[in-house]
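>>> I need the structure of the sequence given here:
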Amino acid sequence: MSQFRPIIISLSLTTVALTGCGSNCLDDGFAWQQGEDCNVASATDSDATTDGTTTAGTTTTTTGGGTESSTTAGSGSESDSSTTAVDPTATGSTTDNTTNPTTTGPDTDSDSNTNTDSDSDSDTAVEPGPCDGGKYWTNDADWDEGALNNLNHLDPNNDQLQITLDGVSAPMPYMFLAQTDEGIILKLDTVTGKQLGRYLSTLTSDCANCAVGPGAYPSRIIVDFDGDAYIANRAFGGQGSLSKLAGQLSSCVDRNKNGMIETTKDTNNDGIIDIDDPTEYYGQADECLLWTIPVGAVDALPRALTLDGKGFAYVGTYSTQKAYKIDIKASPAAIVKEVDLPSTPYGFSLWGNYLYSSALGAPVMRMDLGDDSIVTMNAPGNYGIAVDQNGIAWFGGQGLQRCDFDMGGDCQQFGNASMNGTAVDSFGQIWASANGVVYKYANDGAILGSVQVSNSYGVAIGHDNDPRVIGFSAAFRVAAGAVGQPPGAVTTYSTAHKSGSQPFNYTYTDFTGFGAQNISITKGEWTVSHDSGEDATPWTELIFNQEPEGKVPAGTSITFQVRAADTEDALALQPWVDVEGGAPVQPVVGRYVEIRARLLITDEMLDESPVLSDLCIK
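Numbers count the residues shown, from 1 in each chain. So this is what the prediction gives:
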């Protein structure tokens, strides 16, 4: 994780589509106020332009300098094998006609990404011994029964799964943005640009005194591995909070126990969520708005937010200069630690065991999460924040600010434009937004080009490696262009209401989830389904890494989740159940079972993958 490499982005997927689930606005300075070998599941190391007319979906495109090109890159654990990936899901139109390196992630609002294997025609014999009577995966053909996302079983490390160290883990093909003047979160399809959902940012049944609606002033949004969104509600003058939205229907909760999930959706398929239509917008009754917890004191202003990929969120309160560590796996989510900061937290980003913070012009910070020690640097006018694959922080501000905290002192400045949001792509290139212009930089700070994007503010990398940009009155896709070359075409996505009125968009964090699973840590995932042939089959045990090739080095982890149902259609709607100590934490019953194996590298200095050599479920 300490150097840039050519990127291979490839997945093998079969998807099952789902339907459904489908004044003080700005912050200061603007007119608006703003484990070695193991055999027990869930092993981890514990130490460790002109833009087009805004209409529903994709609209007019404009072209900046440069062209796009396809990229062929090495795959495997840095092996010499190569492939070129093309995104077969892209339906949004752009004026460029070339191919960008892409990853095919799961279809929007679809959880099931795998073929279903049946005992009646399986080529894999049941392994005697620990897997007697169960379903066993161990060789290349077995692993190919499932979907690989940034994992491989290539020579010389065949017949086992490991993370593709020079690869990319694709986030879900959607994004979230805060419409801060209304207290609403808008979900957009990053392929078509259509609106998928509108949600309130606060669940008042969880926090009656938390600010809601226009008083919540949501802004920072981070998307996790599962495509769920976490929202920091700033609540100027009120009680700030952290909320969670389910990104997939299977993660929603049937709170009224009627056997259905009531949630926002585009009922008439016009690409716009009508907030005045009770079949499209549910407000507090939306069952994909999962929870809200208060953070800090009244008027503490939760302005900084990130996730560590290990079950914790970090929220920074600007007014009180505190960082809160929150256990988001607990039920309910709970604050487990509070740290005083020497500066005002304005935006958070995470790389390995280091938490970075912008500070709205005050000294920027990096905190070691091991001992809470903090280093500060000077970054004039700092605003948005991103961290690259080498742990270098990049801040929007007075120009683009490059901050090497190992060196300390003053950050390096590139350019003079007043910049806001920043993002780092899979090639280590830096993207920065400057209120109407999006800039592309090489990792050494050399400018590669720019493109006009109306009222541009936030920027994050999408599932296809193209930046997605949030403007005050629309959202956009920017064609990344070839590596080292200027960006290409711009495509506009509508964020307006059915009436045509436009809420005020204000988000500039990792609102797609790309950074969380490619820079903060390194992730690979394998998902497979299996047909037992009998309804109501109980699934009680999961065994893995019985072969000597299996390993979970310190600074890595392998975890599992399962779900089951008696039909394949129902399987895609079931919630995932964690596996701990070799067994699901709650009963899992059904003819069809689906397993999700997640391999992580959480040590920022480690270039070694955990290895899944074999797997049995019974």
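>>> only C-alpha atoms for contact and neighbour calcs from this point on.
Fine.
>>> that's a helix at Pro130, yeah?
Yes. With DSSP: H, G, I helix; E, B strand; the rest coil as the criterion, Pro130 is located in a helix.
>>> the chain should start at 34 in everything you say after this.
In the new count, where the first residue is 34, that last one comes out as Pro163.
>>> what about it, neighbour count?
Using other CA atoms under 10 Å, Pro163 has 14 other residues around it.
>>> pLDDT score assigned to it?
Note on Pro163: pLDDT of 77.
>>> same check, this time on Tyr526
In this prediction, Tyr526 carries a pLDDT score of 98.
>>> so what's Ile217 closest to, chain neighbours aside?
Leu233 (4.7 Å; CA to CA, 6 or more residues apart in numbering).
>>> now do Asp499
Asp499's closest residue in space is Ala513 (CA to CA, 6+ apart), at 4.9 Å.
>>> pretty sure that neighbour sits against Val502.
No. With contact defined as CA atoms under 8 Å, Ala513 does not reach Val502; the gap is 11.7 Å.
>>> so the two - more neighbours on which side?
Set Ala513 next to Val502 and count neighbours by other CA under 10 Å: Val502 wins out with 32 against 29.
>>> who's in contact with that one?
By CA atoms under 8 Å, 6 or more residues apart in numbering, Val502 lies in contact with Ser489, Tyr490, Gly491, Val492, Ala493, Ala508, Phe509, Arg510, Val511.
>>> kindly report the same for Glu627.
Applying CA under 8 Å, 6+ apart to Glu627 gives the contacts Thr560, Val561, Ser562, His563, Val595, Arg596, Ala597, Leu604.
>>> that older thread, could you count how many residues lie near the residue nearest to Ile217?
27.
>>> can you tell me how far it is from Leu322?
Per CA to CA, to the nearest Å, Leu233 is found 8 Å from Leu322.
>>> please apply the same query to Pro204.
Look at Pro204 and Leu322: by CA to CA, they are 20 Å apart.
>>> who has more neighbours, these two?
Between Pro204 and Leu322, counted using other CA under 10 Å, Pro204 has the larger neighbour count: 29 against 26.
>>> contact partners for the residue minimising distance to the centre of the chain?
For the chain, Gly546 is the residue whose C-alpha lies nearest the centre (CA atoms, centre = their mean; 1.8 Å). By CA under 8 Å, 6+ apart, the contact list for Gly546 reads Pro204, Met205, Ile255, Val256, Asp257, Phe258, Gly260.
>>> tell me the phi and psi of it?
The phi/psi pair for Gly546 (degrees, to the nearest 10) reads phi 90, psi 0.
>>> what of Gly271?
Reported as degrees, to the nearest 10, the phi and psi values for Gly271 are phi -130, psi -170.
>>> so where do the helices sit in the chain?
Counting by DSSP state H, one finds helices in the chain at the ranges 173-176, 547-551, 601-604.
>>> pLDDT of the first one, averaged?
Taken as a whole, helix 173-176 carries a mean pLDDT of 97.
>>> buried sites along that helix?
The neighbour-count check on helix 173-176 (16 or more other CA atoms under 10 Å) flags Asp175, Trp176 as buried.
>>> C-alpha coordinates for that helix, CSV please?
C-alpha atoms of helix 173-176 as CSV (Å, rounded to 0.1, in the frame of the first residue of the first chain):
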residue,chain,number,x,y,z
ASP,A,173,-10.2,-22.6,-9.0
ALA,A,174,-13.5,-24.0,-10.4
ASP,A,175,-15.1,-23.8,-7.0
TRP,A,176,-14.1,-20.1,-6.5
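>>> pLDDT below threshold where in the chain?
By pLDDT under 70, the weakly predicted segments of the chain are 34-162.
>>> what sits against the residue nearest to Ile217?
Here Leu233 is in contact with Gly216, Ile217, Ile218, Val245, Gly246, Gly316, Gln317, Leu322 (criterion: CA under 8 Å, 6+ apart).
>>> okay, and the beta partners of the second one?
Meaning Ile217. On the basis of DSSP bridges, Ile217 is bridged to Gln212, Leu233.
>>> residues near it, how many?
A count of nearby residues for Ile217, using other CA under 10 Å, gives 26.
>>> which ones are touching it?
By CA under 8 Å, 6+ apart, the contact list for Ile217 reads Ala211, Arg231, Tyr232, Leu233, Ser234, Gly246, Pro251.
>>> what sits closest to the residue nearest to the centre of the chain if chain neighbours are left out?
Closest residue in space to Gly546, ignoring its immediate chain neighbours: Val256 at 4.4 Å, by CA to CA, 6+ apart.
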